[in-house]
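> let me see the structure of the following:
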Amino acid sequence: VQLQASGGGLVQAGGSLRLSCAASGRTFSNYVMGWFRRAPGKEREIVASISRSGGKAYFGNFVEGRFTISRDNSNIVVYLQMNSLKPEDTAVYYCAARDFGTFENGYWGQGTQVTVSS
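All right, here's what the predicted structure looks like:
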């Protein structure tokens, strides 16, 4: 499956962004989808993931209720709505897909830069 992330940009602290990840190639609903991020000098970390049906979601501890993840299996896209952004949210955000394995062994998009100014 091919993944194309978009929606990143520069935003002031407290602002919002919505990231989108468009998928193509295989049956989208077969995949658990996730968003990850990597900040400069830090390890990659999971931001959120969503089940195949969209009924269950998981968030990294740092999210603290600020982000939501959703998916549209008809239009084969997954979204990450980010509110109350903080400067420490600055990172490259990646979408990923996995079937029954791990995200590390799954499919990855190219990343979109999110910069939050103070």
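
> show me what the spatially most central residue of the chain is bridged to.
Taking CA atoms, centre = their mean, the centroid of the chain lies closest to residue 35, which sits 2.5 Å from it. Following DSSP bridges, residue 35 is listed with bridge partners residue 48, residue 95.

> now swap in residue 22 and tell me
Beta bridges link residue 22 to residue 4, residue 77 when assigned by DSSP bridges.

> check contacts around it.
Residues near residue 22 by CB atoms under 8 Å, 6 or more residues apart in numbering: 3-4, 6, 76-77. Quick note: C-beta positions are derived from backbone N, CA and C, even for glycine.

> quick revisit: distance-wise, check the residue nearest to the centre of the chain relative to residue 94.
7 Å (CB to CB, to the nearest Å).

> go on, residue 40?
15 Å.

> who has more neighbours out of those two?
residue 94 (22 against 7; other CB atoms under 10 Å).

> the more buried one touches residue 106, doesn't it?
No - using CB atoms under 8 Å, residue 94 makes no contact with residue 106, being 11.1 Å away.

> still on that earlier bit, which of the contacts of residue 22 lies closest to residue 85?
residue 6 (16.9 Å; CB to CB).

> quick one, phi psi at the closest one?
The phi/psi pair for residue 6 (degrees, to the nearest 10) reads phi -150, psi 170.

> picking up where we left off before, how about the contacts made by the residue nearest to the centre of the chain?
19, 21, 46-49, 69, 78, 80, 93-96.

> what are the ranges of the strands in this structure?
2-6, 9-12, 17-24, 32-38, 45-50, 57-59, 67-72, 77-82, 91-98, 107-108, 112-117 (DSSP state E).

> and these as JSON lines, adding mean pLDDT?
Below are these laid out as JSON lines (pLDDT from 0 to 100):
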{"stretch": "strand 2-6", "mean pLDDT": "95"}
{"stretch": "strand 9-12", "mean pLDDT": "98"}
{"stretch": "strand 17-24", "mean pLDDT": "96"}
{"stretch": "strand 32-38", "mean pLDDT": "98"}
{"stretch": "strand 45-50", "mean pLDDT": "98"}
{"stretch": "strand 57-59", "mean pLDDT": "98"}
{"stretch": "strand 67-72", "mean pLDDT": "97"}
{"stretch": "strand 77-82", "mean pLDDT": "97"}
{"stretch": "strand 91-98", "mean pLDDT": "97"}
{"stretch": "strand 107-108", "mean pLDDT": "96"}
{"stretch": "strand 112-117", "mean pLDDT": "98"}
